[in-house]
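*Asks:* Fold the stuff below for me.
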Amino acid sequence: MTPFGEKLRAIRSARKLALKDMAAGLQVSPAYLSAMEHGRRGKPSRRFVHRVCQYLGIIWDEAEELQNLADLSHPRVTVDTAGLDPKATLAANLLAENIAAMDEAALDRLLVLVDPKAPDETVPDEEEGETGPQT
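*Replies:* As a prediction, this is how the structure comes out:
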């Protein structure tokens, strides 16, 4: 599931909309909408996100949030490390190789490192009993 798909499904569920009814309202097939929700389709187009916002009556900040999630929701990511430090290539390859085995806590720590908007949470330092940034 992608961040966009997860949010879309949560909104649909909160509004008690059946998948087939929402799909009809968006003029897409239920299979297409299901695939969007489950991340089996590519990144949603701006037009599709706009139609979703119109259908659901989503405006301003919530619409912007949905578009931002769509922009970050391509289920097959390519990382171009050409010309970067060899460590960048190593990091990208190790992430691709190991991401499926990472638990939620590890993903949260990773997000703190790579997302400038992620909350800077602190956790106890295991060795010293102090708190510090999650890594």
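*Asks:* how about Leu72, phi and psi?
*Replies:* For Leu72, the backbone dihedrals (degrees, to the nearest 10) come out as phi -100, psi 20.
*Asks:* Look up how far Ala23 lies from it.
*Replies:* 23 Å (CB to CB, to the nearest Å). C-beta here means a position set from N, CA and C on the backbone, and glycine is covered the same way.
*Asks:* higher neighbour count, these two?
*Replies:* Applying other CB atoms under 10 Å to Leu72 and Ala23 shows that Ala23 carries more neighbours, namely 18 against 13.
*Asks:* so where is the protein shaky, pLDDT-wise?
*Replies:* Applying pLDDT under 70 to the chain flags the ranges 118-135.
*Asks:* ok, 50 please
*Replies:* Residue ranges of the chain with pLDDT under 50: 122-131, 134-135.
*Asks:* now the strands for it?
*Replies:* Using DSSP state E, the strands of the chain run over residues 122-124, 131-133.
*Asks:* Would you map the helices across this protein?
*Replies:* Assigned by DSSP state H, the helices in the chain fall at 3-14, 19-26, 30-38, 46-56, 60-71, 86-98, 104-114.
*Asks:* Minimum distance to Val77: which of these has it?
*Replies:* helix 86-98 (8.4 Å; CB to CB).
*Asks:* Give me the angle between that closest one and helix 104-114.
*Replies:* With axes from the mean of the first three to the mean of the last three CA atoms, to 10 degrees defining the directions, helix 86-98 sits at 150 degrees from helix 104-114.
*Asks:* Can you give me the buried ones in helix 86-98?
*Replies:* For helix 86-98, the neighbour count (16 or more other CB atoms under 10 Å) marks Ala92 as buried.
*Asks:* And for it, what's in contact with it?
*Replies:* Contact with helix 86-98 is made by 79, 81, 110, as judged by CB atoms under 8 Å, 6 or more residues apart in numbering.
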